[in-house]
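Chemist: pasted the sequence and its predicted model underneath.
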Amino acid sequence: MTELRGPVRIVGTGLIGTSIGLALARLGVVVEVVDADPDNALMAERIGAGTRLVQLEPQLVVVAVPPDHVGAVITEQLEQTDAVVTDAASVKGKPLADAKALTAASGRTADLARYVGSHPMAGSERNGPLAGRADLFEGATWAITPHETSDPDATELVRRLAEACGARTVELSVPDHDLAVARVSHLPQLMSSLAAGTLVDAPAEHLELSGQGVRDVTRIAAGDPGLWTQIVAANSPALSGLLEQIRDELDRLLIALSKEETDDEVTAVLRRGVSGAVRVPGKHGTPHIELVTVLVTIPDRPGQLARLFADAAASGANVEDLRIDHSPGRPVGEVELAVKPASVDQLVEVLTERGWVVHR
Ligand SMILES: NC(=O)C1=CN([C@@H]2O[C@H](COP(=O)(O)OP(=O)(O)OC[C@H]3O[C@@H](n4cnc5c(N)ncnc54)[C@H](O)[C@@H]3O)[C@@H](O)[C@H]2O)C=CC1
Ligand SMILES: O=C(O)C(=O)Cc1ccc(O)cc1
């Protein structure tokens, strides 16, 4: 009963809906794509995320529309089908409250047993079907958020959906989910936007000094302001608490900076940051592991990265993470390889032997 057999109907074929469609279609699941914007549904179909008209009843409906519309679309799909319905919205409290109000108004509260919320914790700052990727959720975490009356079989089917997309699932209550994402997703988005916003009036020659740090901090600021306004507004209670905490710390920092002796307070802020940053789990949801980074200078010529990886592999080191800092106009780039401490000596030795310029 809980096997994911399909058909799966995807309502909303933007970045997330198209990526889910591509992942399922790859496994041979029949996918139907629906979108309020016919061009987006057509584009999703053309790139292989599903078909616009599937004559069969869906087993599962995935609602991947912006948060403000999710509750209404969930309700509509519960009414029109006998399928299990899930959604992918970045916030779970508001869609559930909207769906409860709408199903109560039409006397169909019992339908909600077939609804189980979910949230894939992967995406990008891009939107629309063309940004979709079959491997977007590979190795990512996917939150499953059953509510009080969700049917356990429905919850299991939604878990199967996440697993079919290559994700690992975590089950959370709706309020817990919203608190968690306020910390790990919505606050970082606002901090990135605030930092990037200070660059709007910066002179071009200041921006020329930009390195990897500012790129890292501002990457997600490029996210769609329309979507993020809906996410932030829907999660305002959880976010307000965190923003008040940041405001208090900013006030303390400003007072410290206005004094002659600022070092202790500034160091305290920076130390707290180090302690928080190491708590962020590593890739594939595994606990954070201590890694050592090795910086390699790489000539800007075709084939150099492939040669570097082959040489790194020859040393026996497994590259756990990778960053390429390549400023346009420079004849060389820097590649940062992160490896386990036990393999770093051998890596540096082999790379140096083979002519690479390596810094630790
Ligand atoms: N962007 C991201 O990185 C992530 C987004 N999400 C969530 O996934 C959902 C979709 O986000 P994206 O794919 O990024 O947005 P998107 O803007 O790329 O796609 C949204 C799609 O929904 C369609 N749509 C809007 N209202 C509709 C309606 N009433 N009925 C049918 N189609 C409708 C739009 O035409 C568009 O094609 C949102 O709820 C978002 O919170 C979840 C994880 C990551
Ligand atoms: O771009 C990134 O790194 C993200 O983290 C994307 C993202 C955006 C919204 C979500 O609800 C979940 C993930």
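Modeler: Happy to help now that I have it. Residues are numbered from 1 along each chain as shown. Ligands and ions are numbered 1, 2, ... in the order given.

Chemist: C-alpha from now on. contacts and neighbour counts both.
Modeler: Will do.

Chemist: enumerate the residues of the chain near ligand 2.
Modeler: Within the chain, the residues that sit near ligand 2 (Cα under 6 Å from any ligand atom) are 90, 121-125, 220.

Chemist: could you dump the residues you listed into a markdown table and include pLDDT and secondary structure?
Modeler: Converted to a markdown table, the residues of the chain next to ligand 2 look like this (pLDDT from 0 to 100; DSSP: H, G, I helix; E, B strand; the rest coil):
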| residue | pLDDT | secondary structure |
| --- | --- | --- |
| 90 | 98 | coil |
| 121 | 97 | coil |
| 122 | 95 | coil |
| 123 | 92 | coil |
| 124 | 87 | coil |
| 125 | 84 | coil |
| 220 | 93 | helix |
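
Chemist: out of the residues you listed, which is nearest to residue 3?
Modeler: Within those, the smallest distance to residue 3 is 22.9 Å, found for residue 121 (Cα to Cα).

Chemist: spit out the contact partners of the closest one.
Modeler: Contacts for residue 121 (Cα atoms under 8 Å, 6 or more residues apart in numbering) come out as 137, 140-143.

Chemist: from residue 219, how far out is it?
Modeler: According to Cα to Cα, to the nearest Å, residue 121 stands 16 Å off from residue 219.

Chemist: and residue 204, by the same measure?
Modeler: Residue 204 sits 19 Å away from residue 219, going by Cα to Cα.

Chemist: tell me which of these two has more neighbours.
Modeler: Here residue 204 and residue 219 are set side by side on neighbour count (other Cα atoms under 10 Å), and the busier one is residue 219, at 15 against 9.

Chemist: the more buried one belongs to a helix?
Modeler: Yes. Residue state for residue 219 (DSSP: H, G, I helix; E, B strand; the rest coil) corresponds to a helix.

Chemist: only the buried residues of stretch 109-116, if you could.
Modeler: 109, 111-116 (16 or more other Cα atoms under 10 Å).

Chemist: now stretch 241-256
Modeler: By neighbour count on 16+ other Cα under 10 Å, the buried set for stretch 241-256 is 243, 253, 256.

Chemist: so which of those residues are in helices?
Modeler: Within these, residues falling in helices by DSSP state H are 243, 253, 256.

Chemist: the helix or strand of the chain with the lowest mean pLDDT packs against which elements?
Modeler: Least confident element among the helices and strands of the chain, by mean pLDDT, DSSP states H and E: strand 321-325 (a mean of 83). Contacts defined by 3 or more Cα pairs under 8 Å, 6 or more residues apart in numbering; DSSP states H and E place strand 321-325 against strand 332-339.

Chemist: any idea how far residue 186 is from residue 76?
Modeler: 28 Å.

Chemist: tell me how far the spatially most central residue of the chain lies from ligand 1.
Modeler: Centroid-nearest residue in the chain: residue 122, 2.7 Å away (criterion: Cα atoms, centre = their mean). The spacing between residue 122 and ligand 1, counted by Cα to the nearest ligand atom, to the nearest Å, is 5 Å.

Chemist: is it true that that residue touches residue 133?
Modeler: No. Using Cα atoms under 8 Å, residue 122 is not in contact with residue 133, being 11.1 Å away.

Chemist: what residue ranges in the stretch 1-150 of the chain score low on pLDDT?
Modeler: Flagging of the stretch 1-150 of the chain using pLDDT under 70 yields the residue ranges 1.

Chemist: what ranges do the strands span in it?
Modeler: Per DSSP state E, counting those that start in this stretch, the stretch 1-150 of the chain carries strands over the ranges 8-11, 31-34, 60-63, 84-87, 117-120, 141-145.

Chemist: for those, give me JSON lines that also has distance to residue 276 and mean neighbour count.
Modeler: JSON lines is the format used below for the strands of the stretch 1-150 of the chain (distance: least, Cα to Cα, whole Å; neighbours: other Cα atoms under 10 Å):
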{"stretch": "strand 8-11", "distance to residue 276": "37", "mean neighbour count": "28"}
{"stretch": "strand 31-34", "distance to residue 276": "41", "mean neighbour count": "25"}
{"stretch": "strand 60-63", "distance to residue 276": "34", "mean neighbour count": "27"}
{"stretch": "strand 84-87", "distance to residue 276": "31", "mean neighbour count": "29"}
{"stretch": "strand 117-120", "distance to residue 276": "23", "mean neighbour count": "26"}
{"stretch": "strand 141-145", "distance to residue 276": "20", "mean neighbour count": "24"}
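
Chemist: now tabulate those in TSV and tack on distance to ligand 1.
Modeler: Below are the strands of the stretch 1-150 of the chain laid out as TSV (distance: least, Cα to the nearest ligand atom, whole Å):
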stretch	distance to ligand 1
strand 8-11	5
strand 31-34	6
strand 60-63	8
strand 84-87	7
strand 117-120	5
strand 141-145	9
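
Chemist: any chance of TSV for those, columns distance to residue 318?
Modeler: Converted to TSV, those look like this (distance: least, Cα to Cα, whole Å):
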stretch	distance to residue 318
strand 8-11	38
strand 31-34	38
strand 60-63	37
strand 84-87	37
strand 117-120	28
strand 141-145	23
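
Chemist: figure out which of the ones you listed is closest to residue 295.
Modeler: strand 141-145 (29.6 Å).

Chemist: what sits up against that closest one?
Modeler: Here strand 141-145 makes contact (Cα under 8 Å, 6+ apart) with 92, 116-122, 155, 158-159, 162, 167-174, 177, 284-285.

Chemist: how far off centre is that strand?
Modeler: Chain-centre distance of strand 141-145: 12 Å, with Cα atoms, centre = their mean, to the nearest Å.
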